[in-house]
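*Asks:* coords please:
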Amino acid sequence: MPRNPQVKPLDGLRSMFGDDYYICQFQEPGEAEKDFAQVNTAKLIKSFFTSRDPRPPIFPKEVGVRALPDPPSLPSWLTEEDVNFYAAKFNQKGFSGGLNYYRNINLNWELTAAWTRVEIKVPVKFIIGDLDLTYHIPGVKDYIHNGGFKKDVPLLQDVVVMEGVAHFLNQEKPEEVSKHIYDFVKKF
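*Replies:* Numbers count the residues shown, from 1 in each chain. Model prediction:
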């Protein structure tokens, strides 16, 4: 979506989804980290990677990530070895680094003010999964498929919506994603 100069992203997300929306809950340093610490890290990793629910992640603050359903059995593209590796790294370093991305969302918006309404004028191929929660934010599909995206990115070459794929598409379908990227770069 293009940068809205009138509404800070966090304010927009809060008005759309409420204070229990995951990004809104991640704002206070230390709070989400305490919440995450109450759940086994491997279970969190499995839940994040295997979620197929494109609805907005909303967790009542008093329950937090404990509200996540038990993850299903691992899909073929995610192994116990992968999960254990990620869990070990997060157990060692914590989640603050990743959470800080969300905490910085309004500052990034402020820093990009100079690029409001600037077109992206390089060739672009856009790939997203049909189960990606960002694809289901109100207005996103319309923007992507009904001319808004093409207006802001006039050299948009292609939009690929991968079926049955969620947020981590490069892990879920690495060969297919790599082929899309390779074929796109090869054209130029």
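
*Asks:* mind giving me the domain split of the protein?
*Replies:* In terms of domains, the chain is parsed into 9-114, 119-186 (source: the TED database).

*Asks:* So for M1, which of the ones you listed sits nearest?
*Replies:* Taking Cβ to Cβ, domain 119-186 is the member of the domains of the chain nearest to M1, at 5.7 Å. Placement of C-beta: from N, CA and C, glycine included.

*Asks:* tell me the average confidence for the closest one?
*Replies:* Averaging pLDDT along domain 119-186 yields 97.

*Asks:* if we can go back for a sec, so can I have a markdown table of the domains of the chain showing mean neighbour count and distance to P2?
*Replies:* Listed next are the domains of the chain as a markdown table, based on neighbours: other Cβ atoms under 10 Å; distance: least, Cβ to Cβ, whole Å:
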| stretch | mean neighbour count | distance to P2 |
| --- | --- | --- |
| domain 9-114 | 14 | 11 |
| domain 119-186 | 14 | 5 |
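
*Asks:* As JSON lines, those domains with distance to R3 would be great.
*Replies:* Listed next are the domains of the chain as JSON lines, based on distance: least, Cβ to Cβ, whole Å:
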{"stretch": "domain 9-114", "distance to R3": "6"}
{"stretch": "domain 119-186", "distance to R3": "10"}
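
*Asks:* can you list the residues that contact the one helix or strand K141 maps to?
*Replies:* For K141, the enclosing helix or strand under DSSP states H and E is helix 140-145. Residues from elsewhere that reach helix 140-145 (Cβ atoms under 8 Å, 6 or more residues apart in numbering): M1, P2, F126, I128, T134, Y135, G148, F149, V159.

*Asks:* Helices along this structure, start to end?
*Replies:* 9-17, 22-25, 31-37, 41-50, 80-93, 96-103, 105-111, 140-145, 148-152, 169-172, 174-186 (DSSP state H).

*Asks:* Out of the ones you listed, which gets nearest to K61?
*Replies:* Counting by Cβ to Cβ, K61 lies closest to helix 22-25 out of the helices of the chain; the figure is 6.2 Å.

*Asks:* just checking, what packs against the closest one?
*Replies:* Helix 22-25 sits against helix 9-17, helix 31-37, with contacts defined as 3 or more Cβ pairs under 8 Å, 6 or more residues apart in numbering; DSSP states H and E.

*Asks:* right, and those helices - which one's nearest P174?
*Replies:* The closest of these to P174 is helix 31-37. By Cβ to Cβ, the value is 26.9 Å.

*Asks:* Appreciated, that's everything.
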